[in-house]
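Trainee: just to be clear, the model below is a prediction. Sequence and coordinates:
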Amino acid sequence: MIRVHATAIVTPGAELGDDVEIGPYCIVGADVRLGARVRLRSHVVVEGHTEIGEDCEIYPFASLGAAPQHSSYKGEQTRLIVGARNLIREQVTMHAGTAIGRGVTRVGSDGLFYVGAHVAHDCVVGDHVVMTNAATIAGHVIIQDHAILGGLSAVAQYLRVGRHAFVGGMAGVNHDVIPFGSVWGNHAHMEGLNLVGLKRRGFPRETVNTLRAAYRLLFAEEGTFQERVEDTAAAYGGSPEVMEVIDFIRAEEGRPITMPAREL
């Protein structure tokens with residue numbers, strides 16, 4: 001049974017799944033699709049060509065599918081696609097893509113987006129991602145599965161944050177972050193591995209120890225970084241987790257990686 005509060009505005013053409021609940025003063029646009037059991041608590045705006053997956057819960061004053069913040073945008077038909085079972089708290093913003101970018105902003109499933117988090121145009125956000133209060137990602141950013149962004153952190157445009165990585169609170173990230181990495185500071189630097197996250201997600205101790213040994217080799221001071229990448233791949237090529245880090249680096253070899261701080 002679909003429930004729409006008397007003060008809500010649902011524009012004709014919007015598609016509402018089974019058991020959708022739309023609370024007071026919400027606005028749903030004509031090209032919006034809400035999956036089954038989506039709940040808009042109150043004062044939520046969902047506009048543009050936007051799809052929200054089933055069982056998402058969206059809190060007051062969130063804005064989803066609005067036009068991208070990009071000077072090139074001239075009203076083209078671009079999209080926002082949000083997966084299932086996301087918790088989207090107050091004042092979260094997720095914008096549609098741009099015609100000069102991917103044309104679509106994609107957010108995965110089972111994510112937590114806390115107060116004031118922002119997903120900009122053309123981003124790709126994976127599954128089980130956590131963006132805590134006021135965490136922001138600029139346009140074209142890729143956030144891989146299980147990454148956590150701390151409060152007031154910011155990721156610059158076109159960057160990548162790898163799987164199971166952790167970005168500390170108030171960190172300003174201006175280089176890619178490797179999978180399993182932990183970065184802090186402004187501008188952000190590599191602090192080590194996300195050991196807390198690895199433990200919480202049940203990675204075996206042997207795997208964690210292998211990652212730690214590979215990390216020490218990869219970020220040693222001897223040789224060039226490219227030499228250390230090759231040495232790490234040769235030494236730990238049998239570890240899928242280490243090779244995920246190596247493949248992440250090799251996939252965009254011309255891009256800088258967030259490095260550890262060096263003492264002067």
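Mentor: Here it is on my side, so go on.
Trainee: drop to CA atoms for contacts and neighbour counts, all remaining ones
Mentor: Fine.
Trainee: the stretch 101-250 of the chain: strands as residue ranges?
Mentor: With DSSP state E, counting those that start in this stretch as the definition, the stretch 101-250 of the chain shows strands at residue ranges 104-107, 112-113, 118-119, 124-125, 130-131, 136-137, 142-143, 148-149, 154-155, 160-161, 166-167, 172-173, 181-184, 189-193.
Trainee: which one of those lies closest to residue 208?
Mentor: Nearest to residue 208, of all the strands of the stretch 101-250 of the chain, is strand 189-193, at 9.0 Å by C-alpha to C-alpha.
Trainee: wait, residue 173 touches residue 157, no?
Mentor: No: taking contacts as C-alpha atoms under 8 Å, residue 173 lies outside contact range of residue 157: 9.6 Å.
Trainee: ok, those two, which is more surrounded?
Mentor: residue 173 (26 against 19; other C-alpha atoms under 10 Å).
Trainee: just checking, residue 243 touches residue 235?
Mentor: No: with contact defined as C-alpha under 8 Å, residue 243 does not count as touching residue 235 (10.5 Å).
Trainee: which one's more surrounded, the two?
Mentor: When neighbours are counted by other C-alpha under 10 Å, residue 243 comes out ahead of the other of residue 243 and residue 235, with 18 against 14.
Trainee: which residue is the nearest non-sequential neighbour of that one?
Mentor: Nearest residue to residue 243, sequence neighbours excluded (C-alpha to C-alpha, 6 or more residues apart in numbering): residue 237, at 6.2 Å.
Trainee: what's the per-residue pLDDT of that neighbour here?
Mentor: On the pLDDT scale, residue 237 is placed at 97.
Trainee: so, low pLDDT: which residues of this protein?
Mentor: Along the chain, the model assigns pLDDT under 70 to residues 263-264.
Trainee: where exactly do the helices run in it?
Mentor: 195-200, 205-218, 225-235, 240-251 (DSSP state H).
Trainee: which residues touch the longest one?
Mentor: If I follow you right, that is helix 205-218. Outside of helix 205-218, the residues that reach it under the criterion C-alpha atoms under 8 Å, 6 or more residues apart in numbering are 192-193, 195, 198, 225, 228-229, 231-232, 236, 239, 241-242.
Trainee: same thing but at 6 Å, please
Mentor: Helix 205-218 has contacts (C-alpha atoms under 6 Å, 6 or more residues apart in numbering) with 228, 229.
Trainee: how far does it sit from the chain's center?
Mentor: Relative to the mean C-alpha coordinate of its chain, helix 205-218 is positioned 25 Å out (C-alpha atoms, centre = their mean, to the nearest Å).
Trainee: again with the first one
Mentor: For helix 195-200, the separation from the chain centroid amounts to 19 Å (computed by C-alpha atoms, centre = their mean).
Trainee: and what of the last one?
Mentor: What separates the centre of helix 240-251 from the centre of its chain is 19 Å, taken as C-alpha atoms, centre = their mean.
Trainee: give the buried residues for that helix.
Mentor: If you call a residue buried by 16 or more other C-alpha atoms under 10 Å, then helix 240-251 has these buried ones: 241, 242, 243, 244, 245, 246, 247, 248, 249.
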